[in-house]
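Q: below are the sequence and a predicted model for it; my questions follow.
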Amino acid sequence: FNDAILHPLDTIRARLDLSGGSDPRVKGRGFTGVIREVINNDGFRGFYRGYKLALVTSIPINALYFSSFRVFQRHFSSSPSAAGNGNGGETATESNGKDCSGSSASASNFAADSLAGLSAELLAALFWTPTDVLKQRMQVEATSSHRGNLNRVLHLGKELGVQGLYRGYVLSVFVWGPFSSMYFATYEALRARFARREAPSPPSPQRRFYVSLVSGILAGAAAGAATQPLDCVRTRMQVSARGTEGKGAVRIVHEIVASEGVGALFRGTFARVLWLAPGCGISLAVFETTSLLLSDK
């Protein structure tokens, strides 16, 4: 459901990140211009290029991503309360109904959550990177002569090879690593702040879902906006047919700024935040609710 609603925004983001670059498949247009371009060339279904691939892969990779975060969170936490006291990642505030951590413990928890988010990303990126390369190629390409999504994926996989599928892996980690660190740390901090307002009464399951949803949306929006310039460079490295081959991230940044201005790095920010924020909130709310239900059994 999440991917079905937000995938068109991801397609717009990918095309905006390439807009103005040397790739001949994408013209230099703004947000509304890209929408018109997709509709004129491919119809509404053009927004869903790569959707089936994202749908099939997102569930297992996201399960690995969120579950590994909790594992790493417990590992990096300096106190049992920071890792949730074994209660599915609950903070001390949520578990006890009051804030008993103190400012230094809160800072320690923030650092632990950041490290846990980064570690979860390092693991999940091994699977996300090749999937993302294939998906983004399908999102920005012209109408394909290959029938069916599977045939297109197989053709792209053969064309790119292992090296091509992992092109930009290191930069992906530099994009999504900071994103995950900021995302999870901000999420946990916001969730704890909301929980302190509830003290001393423990939150109801409905309230927990609402808090996770809102905290996830806000954290995802902040992390998405902050890492947009890096994501722009990553997208051009992974997707561009020509013009960026063999070039490093620093050189690509220099060329973008020199030819298009600094604003080009932020061109896809609006679409990126619209794409990421709701998904971040929904995913975490569902994950937290599922974890709670399973822990009660």
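A: In hand now; what should we look at?

Q: run through who's touching stretch 111-118.
A: Residues from elsewhere that reach stretch 111-118 (Cβ atoms under 8 Å, 6 or more residues apart in numbering): 69-70, 72-73, 75-78, 82-83, 177-178, 180-185, 187-189. The C-beta positions use only the backbone N, C-alpha and C, and glycine is treated the same way.

Q: tell me which stretches of the stretch 1-150 of the chain form helices.
A: Per DSSP state H, counting those that start in this stretch, the stretch 1-150 of the chain carries helices over the ranges 2-18, 31-42, 51-76, 92-96, 102-140, 149-165.

Q: what angle separates the longest one from helix 2-18?
A: By that I understand helix 102-140. Relative orientation of helix 102-140 versus helix 2-18 (axes from the mean of the first three to the mean of the last three Cα atoms, to 10 degrees): 80 degrees.

Q: between helix 102-140 and helix 51-76, how big is the angle?
A: 160 degrees.

Q: and the last one, by the same measure?
A: Orientation check (the same axes, to 10 degrees): helix 149-165 against helix 51-76 gives 50 degrees.

Q: low-confidence stretches in the stretch 51-200 of the chain?
A: Within the stretch 51-200 of the chain, the ranges that satisfy pLDDT under 70 run 78-105, 142-149, 168, 199-200.

Q: can you rerun that using 80?
A: For the stretch 51-200 of the chain, applying pLDDT under 80 flags the ranges 78-108, 141-152, 167-168, 171, 197-200.

Q: would you map the helices across the stretch 151-297 of the chain?
A: With DSSP H, counting those that start in this stretch, the ranges of helices along the stretch 151-297 of the chain come out as 169-198, 205-226, 228-239, 249-260, 269-295.

Q: mean confidence for the second one?
A: Looking back up the chat, that one is helix 205-226. The pLDDT scores in helix 205-226 average 93.

Q: return the list of helices and strands in contact with that helix.
A: With contacts taken as 3 or more Cβ pairs under 8 Å, 6 or more residues apart in numbering; DSSP states H and E, helix 205-226 sits against helix 169-198, helix 269-295.

Q: closest to Ala124 out of the ones you listed?
A: The closest of these to Ala124 is helix 169-198. By Cβ to Cβ, the value is 8.2 Å.

Q: so which bits of that closest one are buried?
A: By 16 or more other Cβ atoms under 10 Å, the buried positions in helix 169-198 come out as 169, 171-192, 194-195, 198.

Q: and the angle from it to helix 269-295?
A: Using the same axes, to 10 degrees: helix 169-198 against helix 269-295 is 60 degrees.

Q: how far off centre is helix 169-198?
A: Mean-position distance between helix 169-198 and its chain equals 11 Å (Cα atoms, centre = their mean, to the nearest Å).

Q: show me what that helix is packed up against.
A: Using 3+ Cβ pairs under 8 Å, 6+ apart, helix 169-198 sits against helix 51-76, helix 92-96, helix 102-140, helix 205-226, helix 228-239, helix 269-295.

Q: just say which of the ones you listed is most tucked in.
A: Mean neighbour counts were compared across these using mean count of other Cβ atoms under 10 Å; the top stretch is helix 228-239, at a mean of 24.

Q: tilt between that one and helix 169-198?
A: 140 degrees.

Q: okay, helix 228-239 in PDB with CA atoms only?
A: The C-alpha trace of helix 228-239 is given here as PDB (Å, rounded to 0.1, in the frame of the first residue of the first chain):
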ATOM      1  CA  GLN A 228      19.100  15.400  -0.800                       C
ATOM      2  CA  PRO A 229      22.300  16.800  -2.300                       C
ATOM      3  CA  LEU A 230      24.100  13.400  -1.800                       C
ATOM      4  CA  ASP A 231      21.100  11.600  -3.200                       C
ATOM      5  CA  CYS A 232      21.200  13.800  -6.400                       C
ATOM      6  CA  VAL A 233      24.800  12.800  -7.000                       C
ATOM      7  CA  ARG A 234      24.100   9.100  -6.200                       C
ATOM      8  CA  THR A 235      21.300   9.000  -8.700                       C
ATOM      9  CA  ARG A 236      23.400  10.500 -11.500                       C
ATOM     10  CA  MET A 237      26.100   8.000 -10.800                       C
ATOM     11  CA  GLN A 238      23.800   5.000 -10.800                       C
ATOM     12  CA  VAL A 239      21.500   6.000 -13.600                       C
END
